[in-house]
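In: dropping the sequence and predicted coords here.
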There are 6 protein chains.
Amino acid sequence: MRRILVINPIADDRWNQADGDYLQSTARKDTIVDIVNIEKGASSIESFYDEAHAVPGVLKVIRENKDRYDGIMINCFADPGLNPAREICEIPVAGPGESAMIVASMLGHRFSIISVLKNVVPMFEMKAAVMGLSKRLASVKYIDVPVLALENNPDTTVESIVEKINEAVEKDSAEVAVLGCTGMLSLYRKVKDKAGIPVVEPAAASLKILETLIDLGISHSKKGLYLTPVFKKITW
Amino acid sequence: MRRILVINPIADDRWNQADGDYLQSTARKDTIVDIVNIEKGASSIESFYDEAHAVPGVLKVIRENKDRYDGIMINCFADPGLNPAREICEIPVAGPGESAMIVASMLGHRFSIISVLKNVVPMFEMKAAVMGLSKRLASVKYIDVPVLALENNPDTTVESIVEKINEAVEKDSAEVAVLGCTGMLSLYRKVKDKAGIPVVEPAAASLKILETLIDLGISHSKKGLYLTPVFKKITW
Amino acid sequence: MRRILVINPIADDRWNQADGDYLQSTARKDTIVDIVNIEKGASSIESFYDEAHAVPGVLKVIRENKDRYDGIMINCFADPGLNPAREICEIPVAGPGESAMIVASMLGHRFSIISVLKNVVPMFEMKAAVMGLSKRLASVKYIDVPVLALENNPDTTVESIVEKINEAVEKDSAEVAVLGCTGMLSLYRKVKDKAGIPVVEPAAASLKILETLIDLGISHSKKGLYLTPVFKKITW
Amino acid sequence: MRRILVINPIADDRWNQADGDYLQSTARKDTIVDIVNIEKGASSIESFYDEAHAVPGVLKVIRENKDRYDGIMINCFADPGLNPAREICEIPVAGPGESAMIVASMLGHRFSIISVLKNVVPMFEMKAAVMGLSKRLASVKYIDVPVLALENNPDTTVESIVEKINEAVEKDSAEVAVLGCTGMLSLYRKVKDKAGIPVVEPAAASLKILETLIDLGISHSKKGLYLTPVFKKITW
Amino acid sequence: MRRILVINPIADDRWNQADGDYLQSTARKDTIVDIVNIEKGASSIESFYDEAHAVPGVLKVIRENKDRYDGIMINCFADPGLNPAREICEIPVAGPGESAMIVASMLGHRFSIISVLKNVVPMFEMKAAVMGLSKRLASVKYIDVPVLALENNPDTTVESIVEKINEAVEKDSAEVAVLGCTGMLSLYRKVKDKAGIPVVEPAAASLKILETLIDLGISHSKKGLYLTPVFKKITW
Amino acid sequence: MRRILVINPIADDRWNQADGDYLQSTARKDTIVDIVNIEKGASSIESFYDEAHAVPGVLKVIRENKDRYDGIMINCFADPGLNPAREICEIPVAGPGESAMIVASMLGHRFSIISVLKNVVPMFEMKAAVMGLSKRLASVKYIDVPVLALENNPDTTVESIVEKINEAVEKDSAEVAVLGCTGMLSLYRKVKDKAGIPVVEPAAASLKILETLIDLGISHSKKGLYLTPVFKKITW
């Protein structure tokens, strides 16, 4: 049995129930998934500014809860706080952006990310560059719908996503699609059915990657990038 | 329940029992692991030449058995036949080299691979380059012991591996170690206990990554690199 | 005349006077330099965790003060909050890490960064990778002295820095040295006199680069990476 | 005088005469070109699967004949078996894919490869990446005609190739074209006459590069990637 | 007070007055800008051939004048002679191409260069590659107007430049534009007013970057790329 | 029969006889090699400054002689004037630096260049970067002997070169050595005999590559990087 804490890095509990159910159903039978949101922050993460205000809350939740879990998942494609979270944990921490790109890289030569707004295009390109996946990333596309409006007209949103996937296949030689926002998880099944290529849903990908790390009994190295910080230096 | 076929890409059944036991014990309870070797080929894979003579046998096993499995794992760090196997399968195929590097890339900024002989140094560097992980690979080190001699003096081999890990930490700023040969799996526990950094055992990493792909219900794209080949063109 | 706001991204005012004097003396005569620290955060920035707790305070200072300045400088080599600061400003924002690497790249083929602790090595390598300067970065070296202890034994610290510079020249073919911490600015003159290669002090470099951007009448593009965020989404 | 063995890596002798005549006429007067095909394998190489079944036959021909030759050429743009062939030979081995890209890289800043089917696009991009020529490769284009149908309607095929060359010039800024299949050699003259940029025919490029290596009295290093394998390990 | 020598690397004095006035007005009040052209060379720099014939003249001017200046600027986007000039000077030397790309890299994720003729596209891509900015360079566009004709129909030229900027924004995701020729400086204001993204004028960028280097009291390293040459070896 | 013009890009005829004899003996029987030096320039090329003063002379020789030759070779590892020479020629132009690196890239995974002085280290690294061979270049080493002193104590120079080759093999995993100066050609045989890895002599490599281009009837593309310049613009 393994216990996983999922953190919705937003100051809003409205998706906790649906996301928790989805992830629990994705998890193995002997995995317990708990889900919480943060107290202060943005209602969605769409900019560096939103991310900056989410991270302290994410780290607070982790500090207060990590001893009772085997692994932690930060439930947002931007992976807010992934690096500092790994600094303060002995247990593995996974993020949907990193996990989804890693899964996609095994399924074909090039993948495209379909996300929400224009500014995430360079953001995710930078993320891929740091991971080393620049050449494997065919393109980042956006449907120009903010996170909080994704489910307003779900069928229209699905159509927009599928249209961008087709464009990525034809113009950018994408072989695999990655949904570039965990807020799209309720639309995943419909997108998958209409897309002609494999589609990676990042929240599920992250949960399964986290189960893998837990099962392998392995966690982040403390001898370099993720050195344990000095906590007493912080007034917060 | 899921069924996984593990292929030892060598013309020798001597590791089937031990490897099968190890992987079955690594797998989840509802995963059935079957293991087979190939008929013709080399007794170990240490060169492009060995690899070339293993691949047709690997593909033959896959053609004859794939319909009865949910996923296939090719049990050698060189991932012999990974690309053509993905061409001929609708189910996911995983390899220890790719899987282990992917897992290592999440555990720190830089990992080193500790393998057997000198020529694998550029081989694995080329593998990392194609995956996009060149900057994340601190170094490839070799202990100068052929695969078939790894277990002759297991304690000495363990010492050699640990020595190379320490060298990688000090000289190459490695934060994570990857065992660069699945023939080292019996030595993993001892190496892990003596190494000061996380150690990735590639066979286990590959099995768990494969379980992840199976659970996500996702497989390789057939719209590019892994297009289905025309079988009737082959006389064999 | 131009007005520049310098933000010390730490919850401590002890360096405001000295840093402000140094930067005012570095600035042109018609530049007014104001310096402030943040309210809540760490007492020094040495980890992703420290950085995460500094950024909201940096952004708060910027929101409250940006209308009265022509440019903003975040006074820490890690450039905490540089990206979100550029999202919320119409005026240019500069950071010592980015500025110093850019200046160093014009002075020779390869530069080395000499910084404080081991974990900053991969951090600054990642920073250089995102900027595109990986091949120009000879190495990142650390003297293993935390920021707050740099001035305890200034002569010893200077010796350690010069020793690492010499090592970078001999082993890594560095042609230029970059001080990898703005806390080293009081040691700059002594290091410069003893080093056999040009030394870039990042706080001064950043202030001058900021003056350049202000004089060119140019600022960050709002049509991509630095799109203006939606402020009302934040509860803080 | 020098003797070169050309291996058609397919289980079909139908091109031996024409290819041999073409290559002999391309060679210098004092070069003797012998051409053979392999016994078992595919009738054309268009996938990793085809390639995997060609390589053992290629290596068999080489083992049996290398002592009577000064150099070996594997006559297929995918260069099947190039790496293991270099492991087992003291004499130089050349392949059309590698040779043609090298020649093209001297003729302009960017070249495009015009080949047969969709899946070769990522294949050849990966090949260029390993060689280090990613930035020099403008694009890989395909005419969607399998190798065995290239000569069915030669004029139509020529038109398709020229159309793709023009597209590469206009859209991808290609300055040089490379025919991405040695099966196109009979069409080379016509393509060359109609293309507005230099066109590299890979079989001829490879033969001449091989003559160059032979004349320089130089061959592959045995101190790394091409270490001599242990033959007795193979049951085949 | 600082003295800067600007060299127009062409055998023509017709722009000296206008360029000098523009740069003097861009400079600080306590900067004196002198401008000279070279004696022998081309009337504009649009090819490697033009550049080759400009460089000896540039170096002659520098040898004869460097002792009376604090910094030197070579006034052409191709930066002709930048490397040898740095070899023979103790004072800093700046070039518009390098300076403008560096400034642009701080203003957004990706910039495009809008220049004159087709052949400069690969030239400037190579320049960006050496600097390490390949991934930051969205594209190089050309208006197909030679340098000497840029001011024939200034309004038409401005329109062409703005059209290419718009194309770069829409097709290449450019966030910042760089004028790729110092001959465009008289058109800068009009282009800036019509472009929807920040525009970098390279001559001004270079002058300000040079002032920055002078103020920092720093110059090129003599311990590597810019080692002082042996003058007496030259017959000229 | 083919006629090749070799240009020694130095203002000194002292090597014409020996170099010409060496290259004629390297060439095929039906190749005629003529060799000339330039009138004005340096006596050896060891800096950007030397190179700048060699190029106009190289181009003058080419303009005056190209109509009587089938190909041109610029006999210096720095390839001075290679780019502008290709702009003004319809016939192929080769350089030892480019040719030798290309040949070395086929002989193993990584090659090292052994050259004369310290500043050529970054120079040749930049050259490899533009070609795309950075990852294939193990290292650039220098023996700290200027070109004109190479033959003062030939046995000592040979020892120094071999020592650096051994160092490159042991420390940098080099598999192939490239002599990084055409002035070393008289030492080639002795170096080759003592080195444990293949050694590429660049002048011979360049001559043979040039013969290959001539025989393939192919030359540089005029549709991009090597567009024909406008000659009348030059006053010289």
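Out: Nice, thanks for sending it over.

In: host element of the nearest residue to A:Leu137 once chain neighbours are set aside?
Out: Of all residues not flanking A:Leu137 in the chain, A:Ala128 sits nearest, at 4.5 Å (CB to CB, 6 or more residues apart in numbering or on different chains). For every residue, glycine as well, the C-beta is placed using N, CA and C. Assigned by DSSP states H and E, A:Ala128 belongs to helix A:120-131.

In: what's the angle between that helix and helix C:120-131?
Out: Orientation check (axes from the mean of the first three to the mean of the last three CA atoms, to 10 degrees): helix A:120-131 against helix C:120-131 gives 130 degrees.

In: quick one: the strands in chain A?
Out: A:2-8, A:31-37, A:41-42, A:71-74, A:93-94, A:111-115, A:137-142, A:176-179, A:199-200, A:234-235 (DSSP state E).

In: pLDDT of the helix holding A:Ala128, averaged?
Out: Mean pLDDT, computed over helix A:120-131, is 94.

In: quick one: contacts of it?
Out: With contact meaning CB atoms under 8 Å, 6 or more residues apart in numbering or on different chains, helix A:120-131 is reached by A:46, A:48, A:77-79, A:97-98, A:101-102, A:113, A:115, A:134, A:136-137, A:140-142, A:180, B:105, B:132, B:136, C:126, C:129-130, C:224-225, E:108-110, E:135, E:173, E:175.

In: okay, that helix in CSV with CA atoms only?
Out: This file holds the C-alpha atoms of helix A:120-131, laid out as CSV (Å, rounded to 0.1, in the frame of the first residue of the first chain):
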residue,chain,number,x,y,z
VAL,A,120,2.7,29.3,-22.2
VAL,A,121,4.3,28.6,-25.6
PRO,A,122,7.7,29.9,-24.6
MET,A,123,7.3,28.8,-21.0
PHE,A,124,6.9,25.2,-22.0
GLU,A,125,9.6,25.4,-24.6
MET,A,126,12.0,26.6,-21.8
LYS,A,127,10.8,23.7,-19.7
ALA,A,128,11.6,21.2,-22.5
ALA,A,129,15.0,22.9,-23.0
VAL,A,130,16.0,22.4,-19.4
MET,A,131,14.9,18.7,-19.5
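
In: that helix to strand A:137-142, inter-axis angle?
Out: Interaxial angle, helix A:120-131 versus strand A:137-142 (the same axes, to 10 degrees): 150 degrees.

In: which residue ranges make up the domains of chain A?
Out: As given by automatic domain parsing, the domain ranges for chain A are A:2-95+A:205-233, A:97-202.

In: turn those domains into CSV, including distance to D:Leu23 and mean neighbour count.
Out: Below are the domains of chain A laid out as CSV (distance: least, CB to CB, whole Å; neighbours: other CB atoms under 10 Å in any protein chain shown):
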stretch, distance to D:Leu23, mean neighbour count
domain A:2-95+A:205-233, 50, 22
domain A:97-202, 32, 21
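
In: dump those domains into a markdown table; add distance to F:Lys29 as well.
Out: Shown next, in a markdown table, are the domains of chain A (distance: least, CB to CB, whole Å):
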| stretch | distance to F:Lys29 |
| --- | --- |
| domain A:2-95+A:205-233 | 61 |
| domain A:97-202 | 46 |
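
In: for B:Ile7, which of those is the nearest?
Out: Among the domains of chain A, the nearest to B:Ile7 by CB to CB is domain A:97-202 (17.6 Å).

In: what's the end-to-end length of stretch A:25-37?
Out: For stretch A:25-37, the first-to-last residue distance is 19 Å (CA to CA, to the nearest Å).

In: next: stretch A:25-42.
Out: Criterion CA to CA; first-to-last residue distance in stretch A:25-42 is 27 Å.

In: check stretch A:181-197 too.
Out: End-to-end distance of stretch A:181-197 (CA to CA): 18 Å.

In: one step back: and the angle from the helix holding A:Ala128 to strand A:111-115?
Out: Going by the same axes, to 10 degrees, helix A:120-131 makes 140 degrees with strand A:111-115.

In: just the helices in chain A please.
Out: A:16-26, A:48-65, A:82-88, A:96-105, A:120-131, A:154-172, A:188-194, A:202-215 (DSSP state H).

In: how about the residue nearest to A:Phe77 when sequence neighbours are not counted, what does it touch?
Out: Excluding the flanking residues, the one nearest A:Phe77 by CB to CB, 6+ apart is A:Gly97, at 4.6 Å. A:Gly97 makes contacts with A:76-79, A:124, A:127, A:202, as judged by CB under 8 Å, 6+ apart.

In: same check, this time on A:Pro56
Out: By CB under 8 Å, 6+ apart, the contact set of A:Pro56 is A:40, A:236, C:52-53, C:56.

In: how near is it to chain E?
Out: Computed as CB to the nearest CB, to the nearest Å, the A:Pro56 to chain E distance reads 26 Å.

In: my read: A:Gly95 touches A:Gly71, true?
Out: No - A:Gly95 is beyond contact range of A:Gly71, at 11.7 Å (criterion: CB atoms under 8 Å).

In: residue nearest the centroid of chain A?
Out: When CA atoms, centre = their mean is applied to chain A, the residue found nearest the centroid is A:Pro96 (2.3 Å).

In: quick check: chain neighbours aside, which residue is closest to that residue?
Out: Spatially, and ignoring its direct neighbours in sequence, A:Pro96 is nearest to A:Pro202 (3.4 Å; CB to CB, 6+ apart).

In: the one you found contacts A:Glu98, correct?
Out: No - with contact defined as CB under 8 Å, A:Pro202 does not reach A:Glu98; the gap is 9.0 Å.

In: now render the strands of chain A as CSV, adding distance to B:Lys190.
Out: Shown next, in CSV, are these (distance: least, CB to CB, whole Å):
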stretch, distance to B:Lys190
strand A:2-8, 26
strand A:31-37, 30
strand A:41-42, 46
strand A:71-74, 26
strand A:93-94, 28
strand A:111-115, 39
strand A:137-142, 39
strand A:176-179, 39
strand A:199-200, 37
strand A:234-235, 40
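
In: would CSV of those with mean pLDDT be doable?
Out: Shown next, in CSV, are the strands of chain A (pLDDT from 0 to 100):
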stretch, mean pLDDT
strand A:2-8, 98
strand A:31-37, 98
strand A:41-42, 96
strand A:71-74, 98
strand A:93-94, 98
strand A:111-115, 98
strand A:137-142, 98
strand A:176-179, 98
strand A:199-200, 98
strand A:234-235, 88
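
In: which one of these lies closest to E:Arg86?
Out: Across the strands of chain A, closest to E:Arg86 is strand A:137-142 (CB to CB), at 36.5 Å.

In: what helices or strands is that closest one leaning on?
Out: Applying 3 or more CB pairs under 8 Å, 6 or more residues apart in numbering or on different chains; DSSP states H and E, we find strand A:137-142 packed against strand A:111-115, helix A:120-131, helix A:154-172.

In: sheet partners, orientation included, of that strand?
Out: Sheet pairing of strand A:137-142 (DSSP bridges) gives strand A:111-115 (parallel).

In: contacting residues around the strand it pairs with?
Out: Contact with strand A:111-115 is made by A:77, A:101, A:104-105, A:121, A:124, A:136-143, A:161, A:164-165, A:168, A:172, A:174-181, A:200, as judged by CB under 8 Å, 6+ apart.

In: what's the answer for stretch A:192-200, then?
Out: A:100, A:103-104, A:107-108, A:111, A:158, A:162, A:165-166, A:169, A:174-179, A:188, A:191, A:201, B:216, B:218-221, B:223.

In: quick check, distance from that stretch to the centre of its chain.
Out: Stretch A:192-200 sits 18 Å away from the centroid of its parent chain (CA atoms, centre = their mean, to the nearest Å).

In: that stretch: end-to-end distance?
Out: With CA to CA as the measure, stretch A:192-200 spans 9 Å from end to end.

In: cool, stretch A:142-151 as well?
Out: Taking CA to CA, the first and last residues of stretch A:142-151 lie 16 Å apart.
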